[in-house]
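> sequence and predicted structure, then a few things I'm wondering about:
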Amino acid sequence: MLYIIIFIAFAVLLSLRPSKNTQKIVVFFFITFFAFLVGFRDRIGADFISYVEIYKLSPKLSLDNIFDWSTYENEFLFSFLGSLLKTLGFESPILYFIILSLLTSIFLQKAITRFRFNHILYAWFIYYCVFFLNFQFNTVKHGLMASIVWLAFSYIEEGNKMKFFKIIIIGSLFHLSCLVFLPFYWLLKININKKSITIITIVIAFSVVIPFIIPLLDTILLYLPSNVISKIINYYLHDYYLGVDSSNKSLFSFGLIIYTILVFIIYFRKKDLEKQIYSFNIFYNSLLISVTIGFVFASVGIFVERISGVLNLSLLFLIPIALKNLSRNKQLIGLYFIIVLTYGFLLLNTNMNKQDKYQVKQFLPYKTVI
């Protein structure tokens, strides 16, 4: 019921069409509320126990171990945060979860602001319905990484390569997978034209069958040197599935089909939107690459989920853009608003009812440690 109340609050606020400054104030309250919601939860999310265990095993810092790299079992900044809080006397992971949630939200809001995006509340509504439960209740470290990556993306349009790389490197100290997004500085700047969209369409058409015949990622790994990136790919390709039913590896979803349709619909208004929307190509290329990865590597579901999950944050921008710009008939805005609310509710309902490997709902009912 709590999740639905938050959804209704978003819907009411969106219907009032608040000013940009009012939206920022409202988002500040939502970010704070989300942090406490995450911090005071009890056994919410399939990965909750894992993160609690990571925190419990975090060693307290001292002059003897603070400069010893072996002290930190996970990525440096991620491990250091847990150890620092333990050293300060916080034995409960409540503050740990609150800080991670705040960092995730603050980095994301910073990215939204830097993209000069006016529909801030719409962006957070999409984030809440589509990403919040997974990114801040479940795959916490991955959610933080996704926000950091998008903050880095916000420097691409202005050509600030040094800032982009610095943020990605710092982000890798929270989650090593950040390094996978280094090439995206160039990939997201590509201008998609008729020729490239035709090639991508052909690739997508063939990829429905190809991944199950030719192990593409395995083939790529043969030619990659043994380094950090190859280890990340190998983990999501093989190690993650140890003890997991192989039928769970594939990831064709209804969402992928919807996003594919959205990519092609937006393409026909691409030239106009490029002129109107700052960093439009960053948003569009992100979703296009996500969809392409989704089809080409569909046989390796978790790999697709981890990479596409980050790129799909482009929906925070593209869905409001579609709502406001795809129709010149202002009388249809109300209808589009209802469609977006329906889309948000369906995704939120799907996420709320997700089950873990024991067929237990991960997020329902919401329970607190208080």
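Yep, that arrived.
> my read: residue 144 touches residue 177, true?
No - in this structure, residue 144 is not within contact of residue 177 by Cβ atoms under 8 Å, at 11.0 Å. C-beta here means a position set from N, CA and C on the backbone, and glycine is covered the same way.
> pull the number of nearby residues for the closest residue to residue 321 other than its chain neighbours.
Spatially, and ignoring its direct neighbours in sequence, residue 321 is nearest to residue 277 (5.9 Å; Cβ to Cβ, 6 or more residues apart in numbering). By other Cβ atoms under 10 Å, the residues close to residue 277 number 21.
> now do the domain split for the protein, please.
The chain breaks down into these domains under automatic domain parsing: 1-184, 190-326.
> okay, these, which one's buried deepest?
Among these, ranked by average contacts under mean count of other Cβ atoms under 10 Å, first place goes to domain 1-184 (a mean of 18).
> span of it from start to end?
One end of domain 1-184 sits 39 Å from the other (Cα to Cα, to the nearest Å).
> quick one: mean pLDDT over it.
The average pLDDT for domain 1-184 rounds to 94.
> so what does the residue nearest to residue 321 have for phi and psi?
phi -110, psi 120 (degrees, to the nearest 10).
> strands of the stretch 101-250 of the chain, residue ranges please.
For the stretch 101-250 of the chain, strands defined by DSSP state E, counting those that start in this stretch do not occur.
> mind listing what the residue positioned nearest the centre of the chain touches?
Nearest residue to the geometric centre of the chain (Cα atoms, centre = their mean): residue 310, 3.7 Å. By Cβ atoms under 8 Å, 6 or more residues apart in numbering, the contact set of residue 310 is 142, 145, 146, 149, 150, 181.
> hmm, back to that, can you add distance to residue 365 and give the domains of the chain back as TSV?
Formatted as TSV, those follow (distance: least, Cβ to Cβ, whole Å):
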stretch	distance to residue 365
domain 1-184	8
domain 190-326	25
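> for residue 366, find the nearest of those.
For residue 366, the closest of those is domain 1-184, at 5.0 Å, according to Cβ to Cβ.
> now do that closest one: distance to the chain's middle.
Centre-to-centre, domain 1-184 and its host chain are 10 Å apart (Cα atoms, centre = their mean, to the nearest Å).
> cool, stretch 335-342 as well?
For stretch 335-342, the distance to the chain centre is 22 Å (Cα atoms, centre = their mean).
> so what does the residue sitting furthest away from the middle of the chain have for phi and psi?
Distance from the C-alpha centroid of the chain peaks at residue 64, with 37.3 Å (Cα atoms, centre = their mean). When read as degrees, to the nearest 10, the backbone of residue 64 gives phi -80, psi -30.
> again, but for residue 368
phi -120, psi 160.
> what's the neighbour count on it?
12.
> what comes into contact with stretch 109-123?
By Cβ under 8 Å, 6+ apart, stretch 109-123 touches 10, 13-14, 18, 20, 23-24, 26-27, 31, 147, 150-151, 153-155, 278-279, 282, 316-317, 319-321, 323-324, 340.
> try it again with 6 Å
If you take Cβ atoms under 6 Å, 6 or more residues apart in numbering as the criterion, stretch 109-123 is touched by 14, 20, 23, 27, 150, 151, 154, 278, 279, 316, 317, 320.
> and if you look at stretch 85-92?
For stretch 85-92, contacts defined as Cβ under 6 Å, 6+ apart pick out 58, 60, 61, 95, 96.
> from the residues you listed, which ones fall inside helices?
95, 96 (DSSP state H).
> tabulate the contacts of stretch 85-92 (a markdown table), appending distance to residue 161.
Putting the contacts of stretch 85-92 into a markdown table (distance: Cβ to Cβ, whole Å) gives the following:
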| residue | distance to residue 161 |
| --- | --- |
| 58 | 35 |
| 60 | 39 |
| 61 | 35 |
| 95 | 36 |
| 96 | 34 |
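> farthest pair within the contacts of stretch 85-92?
61 and 95, at 15.8 Å, using Cβ to Cβ across the contacts of stretch 85-92.
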